[in-house]
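Chemist: requesting a structural model of the entry that follows:
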Amino acid sequence: MAFAAPNPPETFSPLFQFADADLIIRSADNVKFQVHKNLMRIASRVFRDMLTLDDISTAPAALQPVVDVKESGNWVDAMLRYIYPLPRPSIKDLRAIKPLLIIADKYDIPNIFTAVEDHLLLAPIAESYPVETYLLAKRYGL
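Modeler: Take a look at the predicted model:
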């Protein structure tokens, strides 16, 4: 008999706890990010469509709507750092780039594509891994 793993305890992102937030993004590992619907709508066409379809602006002010995502808290944090004017995550190799591109593609966030493309052009990563870099660039239209 297999037992389901218990859900990790719910925590809040130390960085994304805006007092005027009107949306919570909850990661797969139960980290909550208190963010702004309008900013998410501007940054991501997927969030724009999701928030428009389920027009949740009529919810009581005390209850922030929650959007559950499949990514871990670390990757949601990285995604939000490309949306908010905050220091971006350090990218040292291709292992960090591929998940960012997957997230950018999944949530349709052009800002991440642009930033990763700039990073690949300026950093020595492409020189160290030319074939892998080319494949990623081809796959994601960079």
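Chemist: in the helix or strand of the chain with the lowest mean pLDDT, what counts as buried?
Modeler: Ranked by mean pLDDT, DSSP states H and E, the weakest helix or strand in the chain is helix 125-128, scoring a mean of 81. Using 16 or more other Cβ atoms under 10 Å as the test for burial, helix 125-128 gives 125-126. C-beta: built from backbone N, CA, C; applies to glycine.
Chemist: how about stretch 117-137?
Modeler: Residues of stretch 117-137 classed as buried by neighbour count (16+ other Cβ under 10 Å): 119-120, 125-126, 133, 136-137.
Chemist: out of the residues you listed, which are inside helices?
Modeler: 119-120, 125-126, 133, 136-137 (DSSP state H).
Chemist: using JSON lines, lay out those residues together with distance to residue 90.
Modeler: Listed next are these as JSON lines, based on distance: Cβ to Cβ, whole Å:
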{"residue": "119", "distance to residue 90": "10"}
{"residue": "120", "distance to residue 90": "15"}
{"residue": "125", "distance to residue 90": "12"}
{"residue": "126", "distance to residue 90": "17"}
{"residue": "133", "distance to residue 90": "18"}
{"residue": "136", "distance to residue 90": "18"}
{"residue": "137", "distance to residue 90": "20"}
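Chemist: out of those, who's nearest residue 46?
Modeler: residue 136 (20.6 Å; Cβ to Cβ).
Chemist: give me phi/psi at the residue lying closest to residue 72 once chain neighbours are set aside?
Modeler: What sits nearest to residue 72 in space, not counting adjacent residues and going by Cβ to Cβ, 6 or more residues apart in numbering, is residue 29, at 5.1 Å. Here is the backbone geometry of residue 29 (degrees, to the nearest 10): phi -100, psi 20.
Chemist: could you do residue 28 as well?
Modeler: Residue torsions, per degrees, to the nearest 10, at residue 28 are phi -60, psi -30.
Chemist: can you show me the CA trace of the least confident helix or strand of the chain as PDB?
Modeler: Extracted in PDB, the C-alpha atoms of helix 125-128 (Å, rounded to 0.1, in the frame of the first residue of the first chain):
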ATOM      1  CA  ILE A 125      28.000  30.100 -21.700                       C
ATOM      2  CA  ALA A 126      27.400  29.800 -25.400                       C
ATOM      3  CA  GLU A 127      31.100  29.400 -26.100                       C
ATOM      4  CA  SER A 128      31.300  26.500 -23.600                       C
END
